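Q: below: sequence and its predicted model.
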Amino acid sequence: MCRNIRTLFNFEPPATEEEIRDASLQFVRKLSGFTKPSKANQQAFERAVEEVAEVAGRLVHGLTTVSPPRNREEVAKAARERSAKRFGGPSVDRPGSRA
């Protein structure tokens, strides 16, 4: 129904508000079981997405660590390599692809 929710903390550059909202949307979709709610549930669904995004943003921006920020491209490449090893396909570096 929905793709995996990605880790958003401790990356350079930091997570954008759009990334946080996208993760919040995926979370609400998973909880509700709806990829697209009915008109009767639309308002509650959208309100939940906005509230989760607000809280998630506070969390991500409020966390601290002594670890250096991770590089998004390196993490994505490692995920593609793990996937290729696990599922037997080639490790393909595709511009704009998400791991």
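A: Happy to help now that I have it.

Q: which stretches of the protein have low pLDDT?
A: In the predicted model of the chain, residues 1-4, 89-99 satisfy pLDDT under 70.

Q: can you list the domains in it?
A: With automatic domain parsing as the criterion, the domains of the chain are listed as 11-68, 71-99.

Q: mean neighbour count and distance to residue 5 added to those domains, as JSON lines?
A: In short, each C-beta sits where N, CA and C put it, glycine included. Output for the domains of the chain, formatted as JSON lines (neighbours: other C-beta atoms under 10 Å; distance: least, C-beta to C-beta, whole Å):
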{"stretch": "domain 11-68", "mean neighbour count": "13", "distance to residue 5": "5"}
{"stretch": "domain 71-99", "mean neighbour count": "11", "distance to residue 5": "12"}
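
Q: list the contacts for residue 60?
A: Shown in contact with residue 60 (C-beta atoms under 8 Å, 6 or more residues apart in numbering): 8, 9, 14, 15, 20.

Q: check which helix or strand residue 51 maps to.
A: If you go by DSSP states H and E, residue 51 is part of helix 39-62.

Q: hey, C-alpha coordinates of that helix in CSV?
A: Coordinates of each C-alpha in helix 39-62 appear next as CSV, following Å, rounded to 0.1, in the frame of the first residue of the first chain:
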residue,chain,number,x,y,z
LYS,A,39,-15.0,12.4,1.0
ALA,A,40,-16.5,11.6,4.4
ASN,A,41,-13.1,10.9,5.8
GLN,A,42,-11.0,13.4,3.9
GLN,A,43,-11.1,16.2,6.5
ALA,A,44,-10.0,13.9,9.4
PHE,A,45,-7.3,12.3,7.2
GLU,A,46,-5.8,15.6,6.1
ARG,A,47,-6.0,17.0,9.7
ALA,A,48,-4.1,13.9,10.9
VAL,A,49,-1.4,14.3,8.2
GLU,A,50,-0.9,18.0,9.1
GLU,A,51,-0.7,17.2,12.9
VAL,A,52,1.7,14.3,12.4
ALA,A,53,3.9,16.4,10.1
GLU,A,54,4.0,19.2,12.8
VAL,A,55,5.0,16.8,15.5
ALA,A,56,7.5,14.9,13.3
GLY,A,57,9.1,18.2,12.3
ARG,A,58,9.5,19.2,15.9
LEU,A,59,11.0,15.8,16.6
VAL,A,60,13.5,15.7,13.7
HIS,A,61,14.6,19.3,14.3
GLY,A,62,14.8,18.9,18.1
